Structures are given as C-alpha cells and as structure tokens.
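# this is a predicted model, with the sequence first.
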Amino acid sequence: MNHLPYIAAAYGLTLAVAVGFSLAAWIRMTRARRRLDAVDPRARAATSPRVAG
C-alpha cells in the first residue's frame with residue numbers, strides 16, 4: 001500500500017491554502033493603505049523612511 005499520493009495531495013493543498021491566505025492578506029493590506037491615504041495623506045508620509053538626497 002502506497003500512501004505517497006495522499007501525502008503529496010495533503011502537502012499540496014496545505015501549500016495552496018497558505019499561499020491563498022497570504023495573497024488575500026496582502027490584497028487587504030494594500031486596500032487598507034489606499035483607504036488610509038484617502039482619509040489622511042500624512043499618515044503614510046510620516047511612517048515612510050525619508051531618502052536623503
């Protein structure tokens with residue numbers, strides 16, 4: 001009895017779900033930053049590092 005297909009499918013599904021959650025979090029964070037910038041444009045400028053030049 002070979003359990004390799006079951007184990008490979010479990011790891012693949014776990015990886016797919018983790019990537020999906022990460023992508024969803026990244027998209028939500030991007031949207032939240034845009035909404036914050038729309039409400040208070042100074043919020044990002046105060047926290048972003050300044051480039052010397």
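Yep, that arrived.

# can you get me a residue count around D37?
Burial measure for D37: 13 neighbouring residues, criterion other CB atoms under 10 Å. (Each C-beta comes from the backbone N, C-alpha and C, glycine too.)

# so it is in which element?
Using DSSP states H and E, the element containing D37 is helix 4-39.

# helices and strands around that helix, which ones?
helix 42-47 (3 or more CB pairs under 8 Å, 6 or more residues apart in numbering; DSSP states H and E).

# follow-up on the earlier one: mean confidence for the helix holding D37?
The average of the pLDDT scores along helix 4-39 is 96.

# distance from that helix to the middle of the chain?
Relative to the mean C-alpha coordinate of its chain, helix 4-39 is positioned 6 Å out (CA atoms, centre = their mean, to the nearest Å).

# tell me how far the most centrally placed residue in the chain lies from V39.
The chain has W26 as the residue nearest its centroid, 2.5 Å off, counting by CA atoms, centre = their mean. As judged by CB to CB, to the nearest Å, W26 and V39 stand 21 Å apart.

# again, but for L23
25 Å.

# swap in V19?
31 Å.

# and these two? Which one has more around it.
Just comparing V19 and V39: by other CB under 10 Å the higher neighbour count belongs to V19, 10 against 7.

# please report how far the more buried one lies from R42.
Counting by CB to CB - V19 and R42 are separated by 34 Å.
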